[in-house]
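Student: have a look; sequence and predicted model below, questions after that.
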Amino acid sequence: MIVLTKLNNQQILLNCAQIEAVELIPDSKIVMMNGKVHIVKESAEEIIEKTIEYNGRIHCYHTDR
């Protein structure tokens, strides 16, 4: 799960494995596999980085190469 911030500053946890697409509108519109949509303040790059960090913790990846 990754922590993201909605436009009203409410933090939400999203299962990053269920993200189908991220549209830039200019905020980030996250489309989930179940069709639900979340608009968040984080950029696409931040969402990608958070997903990589989360997957690294879960799968024991090391980024210090």
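Tutor: Done, it's in.
Student: what strand or helix carries the residue positioned nearest the centre of the chain?
Tutor: Within the chain, the residue whose C-alpha comes closest to the C-alpha centroid is I47; the distance, by Cα atoms, centre = their mean, is 3.9 Å. I47 belongs to helix 44-59 when assigned by DSSP states H and E.
Student: send the alpha carbons of that helix over as PDB?
Tutor: C-alpha atoms of helix 44-59 as PDB (Å, rounded to 0.1, in the frame of the first residue of the first chain):
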ATOM      1  CA  ALA A  44       3.300  10.500 -11.800                       C
ATOM      2  CA  GLU A  45       7.000  10.300 -10.900                       C
ATOM      3  CA  GLU A  46       6.200  10.400  -7.200                       C
ATOM      4  CA  ILE A  47       3.600   7.600  -7.600                       C
ATOM      5  CA  ILE A  48       6.100   5.500  -9.500                       C
ATOM      6  CA  GLU A  49       8.800   6.100  -6.800                       C
ATOM      7  CA  LYS A  50       6.500   5.200  -4.000                       C
ATOM      8  CA  THR A  51       5.500   2.000  -5.900                       C
ATOM      9  CA  ILE A  52       9.100   1.000  -6.400                       C
ATOM     10  CA  GLU A  53       9.900   1.700  -2.700                       C
ATOM     11  CA  TYR A  54       6.900  -0.400  -1.600                       C
ATOM     12  CA  ASN A  55       7.700  -3.300  -3.900                       C
ATOM     13  CA  GLY A  56      11.300  -3.100  -2.800                       C
ATOM     14  CA  ARG A  57      10.300  -3.500   0.800                       C
ATOM     15  CA  ILE A  58       7.900  -6.400   0.000                       C
ATOM     16  CA  HIS A  59      10.200  -8.300  -2.300                       C
END
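Student: what's next to it, contact-wise?
Tutor: Here helix 44-59 makes contact (Cβ atoms under 8 Å, 6 or more residues apart in numbering) with 1-4, 16, 19, 22, 24, 28, 30, 40, 42, 61-63. All C-beta spots, glycine's among them, are computed from the backbone N, C-alpha and C.
Student: what does the model give T63 for pLDDT?
Tutor: On pLDDT, T63 comes in at 57.
Student: lowest confidence element among the helices and strands of this structure?
Tutor: Across the helices and strands of the chain, the lowest-confidence element by mean pLDDT, DSSP states H and E is helix 44-59, at a mean of 92.
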